[in-house]
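Chemist: Here is a sequence together with a model predicted from it:
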Amino acid sequence: MGAQAAGPLVVGVDSSTQSTKALVVDAETGVVVARGQAPHTVSGGEGRQSDPRQWWRALGEALTQCGDAARQASAVSVGGQQHGLVTLDAAGEPVRPAILWNDVRPAAQSARLIAERGGAKAWADRVGSVPTPAFTVAKWAWLQANEPSAAAGTAAVRLPHEYLVERLTGQAVTDRGDASGTGWWASSTGSYDADILAHVGLDPKALPRVALPGEAAGTVHADDLPLPHGALVAAGTGDNMAAALGLGLRPGQPVLSLGTSGTVYAVSAHRPTDPTGVVAGFADARGDWLPLACTLNCTLAVDRVAALLGRDREAVEAGGEVVMLPFLDGERTPNLPGASGLVHGLRHETTAGQLLQAAYDGAVFALLEALDRVLDGDIAADVPLLLIGGGAKGRAWRETVRRLSGRPVVVPEAQELVALGAAAQAAGLLLGEDPAAVARRWGTARGAEYEAQERDAAAWERIRATLTHGEALLRG
């Protein structure tokens with residue numbers, strides 16, 4: 001291992017909905033010298049919850065799989081799933097399981113908060129985003145309404161990555177990127193919003209300090225992980241911000257990520273404020289902005305449709321006019337938390353492969369329509385779309401994106417971009433460099449290129465019409 005490393009070693013962590021991944025990376029070259037992964041459990045049923053302590057155990061397992069390389073790391077950073085509500089008691093133990101980003105139970109609280117604080121435009125202008133049910137502020141309001149004893153017993157509120165950073169360092173620290181997904185950090189001021197916190201009954205002392213870009217959270221103090229004591233710990237960030245770092249994004253490069261959720265985003269030098277709520281006006285991890293739209297239903301929803309049809313996920317067929325909106329878990333973009341899947345235009349001659357293709361089309365349509373708002377007309381149609389996430393490996397996903405976007409597509413060779421972005425943040429901290437420049441030096445965005453093809457306008461309009469006319473059913 002030592003012969004492979006040209007420079008110091010850093011650890012990048014991706015603590016996602018489903019698992020924790022850890023990469024040990026050469027800070028100079030970007031070569032991954034060791035990797036590990038351990039699964040998480042997410043509750044089924046009405047809510048989506050996880051015990052935060054299992055994230056810590058999974059981190060330990062993933063690092064153990066990395067062997068001696070992890071014990072030689074000079075710096076570490078954690079990228080984590082956004083929005084999740086982690087409630088801790090005075091001893092730092094979870095009061096209850098964490099409520100995850102894809103839990104849509106806070107829909108009523110989301111609508112109430114928007115109305116009580118001046119409407120969607122006021123939220124967008126002040127906070128940068130309109131708080132959908134995914135946002136932490138809505139989840140906290142739900143907890144107060146439904147589990148008041150748990151809310152009363154909460155001494156500290158954390159996001160998933162913040163929980164791990166605090167256990168690593170003993171310090172309550174976050175970054176502006178992940179903080180911008182709470183609904184109580186205001187992009188207009190770059191700080192927590194005292195009025196919103198008072199409105200939802202949350203003491204600012206319960207929240208972590210927001211570190212400046214490039215500032216360390218502390219050093220490793222944990223005894224139960226195979227990391228060296230005293231190694232630098234970066235502030236970490238949200239998973240989407242980490243992936244943007246991992247790609248070394250410059251402003252104006254659009255990204256479409258196909259995972260458990262689907263996301264579209266681009267780094268921007270301008271603070272976004274979308275009053276429709278489609279685009280979340282996140283901060284990025286460096287000091288710029290990351291306008292982003294997220295859908296709840298992506299690869300898992302399409303895989304479920306494939307399983308129901310008894311077909312391999314790649315077994316799609318062209319033709320037909322059937323439309324499917326695969327909103328199996330409710331939906332965030334468009335904001336339809338009570339939605340279920342909808343099929344329109346089914347005929348005797350419709351094949352299973354065409355129905356499966358319609359599921360892909362419905363999922364990709366929601367993302368591409370949101371991308372138009374993310375880019376806000378600022379980027380030429382021939383700028384390539386970077387396609388990342390687990391779905392980017394699939395031909396059916398890639399070809400659906402090409403057919404419905406009309407853009408050229410690049411599929412980066414680098415995998416595990418959230419963990420790589422966290423590693424770039426750790427390397428930037430260690431070396432005193434811009435982490436995005438570190439990732440560009442590593443060449444993480446290089447990959448297979450696919451030419452643009454003519455946009456399938458007929459399919460696009462069929463889906464749009466079905467969404468418009470079916471909205472009453474989709475409202476649930």
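Modeler: Perfect, thanks for sending it.
Chemist: Where does the residue of the chain most remote from its centre sit, in terms of helix or strand?
Modeler: For the chain, the largest distance from the centre (CA atoms, centre = their mean) belongs to residue 348, which lies 39.4 Å off. Using DSSP states H and E, residue 348 falls within no helix or strand.
Chemist: all helices of the stretch 151-300 of the chain, in order?
Modeler: 160-169, 176-179, 194-199, 239-247, 299-309 (DSSP state H, counting those that start in this stretch).
Chemist: contacting residues around residue 226?
Modeler: By CB atoms under 8 Å, 6 or more residues apart in numbering, the residues touching residue 226 are 60, 63, 64, 66, 70, 71. Any C-beta I mention is one placed from the backbone N, CA and C, and that applies to glycine too.
Chemist: same question, residue 18
Modeler: Applying CB under 8 Å, 6+ apart, the residues near residue 18 are 39, 40, 42, 260.
Chemist: which among the contacts of residue 226 end up buried?
Modeler: 60, 63, 66, 70 (16 or more other CB atoms under 10 Å).
Chemist: In three-state terms, label the first one for me.
Modeler: Just to be clear, that refers to residue 60. Under DSSP: H, G, I helix; E, B strand; the rest coil, residue 60 falls in the helix class.
Chemist: excluding its backbone neighbours, what's nearest it?
Modeler: Nearest non-adjacent residue to residue 60, counting by CB to CB, 6 or more residues apart in numbering: residue 225, 5.4 Å away.
Chemist: where are the low-confidence patches of the stretch 301-450 of the chain?
Modeler: Under the criterion pLDDT under 70, the flagged ranges of the stretch 301-450 of the chain are 376-378.
Chemist: For it, which segments count as helices?
Modeler: Going by DSSP H, counting those that start in this stretch, the stretch 301-450 of the chain shows helices at 352-375, 395-405, 417-431, 435-442.
Chemist: need the contact list for residue 275.
Modeler: Taking CB under 8 Å, 6+ apart, one finds 120, 121, 124, 125, 130 in contact with residue 275.
Chemist: For the residues you listed, which single residue is the most surrounded?
Modeler: residue 130 (26 neighbours; other CB atoms under 10 Å).
Chemist: Output the helices of the stretch 151-300 of the chain as JSON lines; include the columns mean neighbour count and distance to residue 400.
Modeler: Listed next are these as JSON lines, based on neighbours: other CB atoms under 10 Å; distance: least, CB to CB, whole Å:
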{"stretch": "helix 160-169", "mean neighbour count": "26", "distance to residue 400": "30"}
{"stretch": "helix 176-179", "mean neighbour count": "30", "distance to residue 400": "29"}
{"stretch": "helix 194-199", "mean neighbour count": "15", "distance to residue 400": "39"}
{"stretch": "helix 239-247", "mean neighbour count": "30", "distance to residue 400": "21"}
{"stretch": "helix 299-309", "mean neighbour count": "19", "distance to residue 400": "10"}
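Chemist: so can I have a markdown table of the ones you listed showing distance to residue 467?
Modeler: Below are those laid out as a markdown table (distance: least, CB to CB, whole Å):
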| stretch | distance to residue 467 |
| --- | --- |
| helix 160-169 | 32 |
| helix 176-179 | 31 |
| helix 194-199 | 32 |
| helix 239-247 | 24 |
| helix 299-309 | 15 |
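Chemist: of those helices, which approaches residue 431 most closely?
Modeler: Across the helices of the stretch 151-300 of the chain, residue 431 has its closest neighbour in helix 239-247 (14.2 Å, CB to CB).
Chemist: which regions of the stretch 101-250 of the chain sit below the pLDDT cut-off?
Modeler: Using pLDDT under 70, the stretch 101-250 of the chain has no residue that qualifies.
Chemist: Spell out, range by range, the strands that occur in it.
Modeler: 156-158, 173-175, 185-186, 191-192, 209-211, 216-219, 232-234, 237-238 (DSSP state E, counting those that start in this stretch).
Chemist: The second one: partners in the sheet, and parallel or antiparallel?
Modeler: Applying DSSP bridges to the sheet, strand 173-175 is found paired with strand 209-211 (parallel).
Chemist: quick one, what contacts residue 323?
Modeler: 343, 344, 345, 358, 361, 362, 462, 463, 466.
Chemist: Please identify which of those is nearest to residue 89.
Modeler: Nearest member of the contacts of residue 323 to residue 89, counting by CB to CB, is residue 362, at 42.8 Å.
Chemist: contacting residues around that closest one?
Modeler: 323, 324, 325, 326, 463.
Chemist: Residue 348 versus that one, what's the distance?
Modeler: 21 Å (CB to CB, to the nearest Å).
Chemist: quick one on the thing from earlier: wait, which of the contacts of residue 362 is closest to residue 174?
Modeler: For the contacts of residue 362, the nearest to residue 174 is residue 326 (33.5 Å; CB to CB).
Chemist: hang on, the earlier thing: wait, doesn't the residue nearest to residue 60 sit right on residue 231?
Modeler: No: in this structure, residue 225 is not within contact of residue 231 by CB atoms under 8 Å, at 10.1 Å.
Chemist: Put together TSV for the contacts of residue 18, with neighbour count on each row.
Modeler: Putting these into TSV (neighbours: other CB atoms under 10 Å) gives the following:
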residue	neighbour count
39	12
40	18
42	18
260	21
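Chemist: Count the residues that sit near residue 351.
Modeler: Residue 351, neighbours per other CB under 10 Å, totals 17.
Chemist: Count residues in the vicinity of the closest residue to it other than its chain neighbours, would you?
Modeler: Nearest residue to residue 351, sequence neighbours excluded (CB to CB, 6+ apart): residue 317, at 5.4 Å. Using other CB under 10 Å, residue 317 has 14 other residues around it.
Chemist: Could you check how far residue 317 is from residue 473?
Modeler: In terms of CB to CB, residue 317 sits 26 Å off from residue 473.
Chemist: hang on, the earlier thing: now flag whichever of the contacts of residue 275 is closest to residue 411.
Modeler: residue 130 (31.9 Å).
Chemist: ok, now which ones touch the closest one?
Modeler: 114, 120, 123, 124, 274, 275, 276, 277.
Chemist: Can you name the residues that contact the closest residue to it other than its chain neighbours?
Modeler: Spatial nearest neighbour of residue 130, chain neighbours left out: residue 277 (3.4 Å); criterion: CB to CB, 6+ apart. Each residue near residue 277 by CB under 8 Å, 6+ apart is listed here: 120, 124, 129, 130, 132, 335.
Chemist: Out of the residues you listed, list just those in helices.
Modeler: 120, 124 (DSSP state H).
Chemist: Look at the residue nearest to residue 60 and say how many residues are nearby.
Modeler: The burial count for residue 225: 20, using other CB under 10 Å.
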